[in-house]
Each structure stands twice: as structure tokens, then as C-alpha cells.
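Chemist: fold the following.
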Amino acid sequence: MSQLYSDREAIYHLKQALAEGKNWYVALLEAIGLWGSAEETYEGDTYCYLIFGEAFDWLSLAQRLCLEVDGLLPEEEKLNLLFRATPPVEISQQEFRRLIGEVKYRAYLNYLYGIVVEEALVAAVAEEVHKDLGSLGVVQLDKIEKEAYRRVYDADLPALLREFRQEMGLSCSKEASLIEFKELTYWLFKRRVASCEKARVASDTRKALEWLQGQWASVMRRREELTSRRAARAS
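Modeler: As a prediction, the model looks like this:
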């Protein structure tokens with residue numbers, strides 16, 4: 001089966017499932033499971049769903065599929081999923097795995113740890129840098145970022161980007177796109193894991209996951225506060 005045929009089948013399945021009244025999030029995950037292309041250009045925009053052929057960016061594909069059913073989905077639920085990674089209904093990891101398929105699930109884990117958690121590690125270290133340098137007065141954000149990357153990767157971001165581009169044979173003169181930055185992040189993850197001791201890698205992973213949990217708890221508190229205010233206004 002060609003990738004293009006799989007993509008069309010995924011889109012057809014999504015539209016048909018919605019017409020039959022299936023929960024839109026479940027229908028979306030089923031369509032993701034059917035999708036075949038690793039990247040595409042659609043209406044002038046470039047989408048890359050599989051970073052380095054290993055890391056599956058399922059939310060980018062979810063965004064692309066949502067364009068096919070624009071206006072048919074609850075807007076707030078859709079935005080919460082695409083921009084806050086908050087699904088409209090809770091499903092287990094086992095069910096998520098079943099719906100998108102085993103191959104995509106393994107690639108999703110690569111994306112989760114290689115990009116999401118890797119970005120969280122830099123953010124967590126940046127908070128540590130801010131605390132360490134805060135006593136010096138107003139600290140510029142670029143200085144915090146530079147020191148955070150140095151602590152994690154022993155080099156600042158511009159130097160790392162140059163090294164990445166040289167290794168990949170890419171131009172060093174252009175501005176980094178979002179797709180390229182994801183590729184850089186995944187490359188940095190693999191570079192760090194290969195060069196660090198296992199104990200250090202495990203410690204950094206715990207730090208990043210704890211930071212993510214803290215961010216998630218903060219988001220949930222804000223959602224509860226918003227719900228409470230809406231309930232108060234409605235009563």
C-alpha cells in the first residue's frame with residue numbers, strides 16, 4: 001500500500017468516523033494509526049512527522065489531520081490538544097498505543113524522550129541558572145540560556161547549531177526553522193546520551209520529568225481555577 005493511499009485512507013476514516021458520531025479524539029488517533037507519509041507539503045506549509053526517521057511528532061500530524069475536518073471539532077478541545085497536549089478524554093497508554101499502532105508508538109517514545117524531555121531538561125537547568133545568578137541582579141535571558149546549554153552540553157546554542165549543521169551537511173547561514181530545531185534537539189539528545197555516564201543520563205532524565213510534572217500541575221491548577229470562575233459566573 002502506497003503512503004499516499006494510506007494518507008487518503010486516514011483522512012477518509014477520520015471524516016467517516018466523525019459522521020458516525022465517534023469521539024473525535026479516538027477517531028483522530030485511529031487516523032494517525034493509518035497515516036503513511038513521514039513528511040509532506042500541504043497548502044504551502046511543510047510538515048515533518050518523523051524526525052530523523054525515528055521520532056514521531058504525533059501532534060504535528062494531529063494538527064494536519066484537524067485541517068481536513070476544520071469546523072467539525074469542538075474548538076476549545078482541539079486547541080487544548082494541539083497547543084497544550086491536553087486530550088478531551090483520558091485514555092490509557094495501552095489504548096493510545098493500540099490506536100496509533102506499535103511502530104508509531106515506539107517512534108512516539110523516541111520523540112517524547114528525545115525532544116520533549118530534552119527540551120524540558122534545558123528549561124529545568126535554566127531555572128537553576130536563574131536561581132544561581134539571580135543574586136547578581138537583573139539577569140538577561142540570553143545569558144541564562146547560554147549558561148544552561150553550557151551546563152547540559154558543554155557549549156552554547158550557536159556553537160551546537162554550527163556543529164549539527166556541519167555534521168548534517170547543511171547551510172550555516174540560514175535561520176533555524178522549527179523543524180530544524182526539533183532535529184537539533186533530537187541530535188543533542190543522542191549526542192548527550194552517547195557521551196555521558198549512565199548515572200548522569202538517568203539523573204538528568206529525572207530532573208526533566210520532574211520539571212514537566214511541575215508544569216503539568218500548574219496547568220491543571222489554572223484549568224481548575226478557570227472552571228471554578230466559569231461555574232461561579234453561571235450560578
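
Chemist: burial of residue 110, as a residue count?
Modeler: 20 (other C-beta atoms under 10 Å). For every residue, glycine as well, the C-beta is placed using N, CA and C.

Chemist: so the residue lying closest to it once chain neighbours are set aside versus residue 3, what's the distance?
Modeler: Spatial nearest neighbour of residue 110, excluding adjacent residues (C-beta to C-beta, 6 or more residues apart in numbering): residue 55 at 4.2 Å. Per C-beta to C-beta, to the nearest Å, residue 55 is found 18 Å from residue 3.

Chemist: of the two, give the one with the bigger neighbour count.
Modeler: residue 55 (25 against 12).

Chemist: quick one: contacts for residue 167?
Modeler: By C-beta atoms under 8 Å, 6 or more residues apart in numbering, the contact set of residue 167 is residue 187.

Chemist: how close does it get to residue 161?
Modeler: To residue 161, residue 167 is 11 Å away according to C-beta to C-beta.

Chemist: mutual contacts of these two, please.
Modeler: Both residue 167 and residue 161 lack any common contact, where contact means C-beta under 8 Å, 6+ apart.

Chemist: residue 22: how many residues sit nearby?
Modeler: By other C-beta under 10 Å, neighbour count at residue 22 equals 15.

Chemist: and if you look at the one 5 residues further on?
Modeler: Residue 27: 23 surrounding residues under other C-beta under 10 Å.

Chemist: show me what the host helix or strand of it is packed up against.
Modeler: Using DSSP states H and E, residue 27 sits in helix 24-34. Counting contacts by 3 or more C-beta pairs under 8 Å, 6 or more residues apart in numbering; DSSP states H and E, helix 24-34 packs against helix 3-19, helix 58-68, helix 75-84, helix 93-100.

Chemist: list the contacts of the third one.
Modeler: Looking back up the chat, that one is helix 75-84. Outside helix 75-84, the residues within contact range by C-beta under 8 Å, 6+ apart are 24, 25, 59, 62, 63, 66, 86, 87, 88, 219.

Chemist: got the residue ranges for the strands in this protein?
Modeler: Taking DSSP state E to define them, one finds strands in the chain at 39-42, 45-48, 50-51, 55-56.

Chemist: any idea which of the helices and strands packed on helix 24-34 is most buried?
Modeler: Among the helices and strands packed on helix 24-34, ranked by average contacts under mean count of other C-beta atoms under 10 Å, first place goes to helix 58-68 (a mean of 18).

Chemist: show the average pLDDT along it.
Modeler: Per-region confidence: helix 58-68 scores 97 on mean pLDDT.

Chemist: go ahead and name everything in contact with it.
Modeler: Residues outside helix 58-68 that contact it (C-beta under 8 Å, 6+ apart) are 10-11, 14-15, 28, 31-32, 35, 40, 42-43, 47-49, 73, 78, 81-82, 85, 100, 104, 108, 111.
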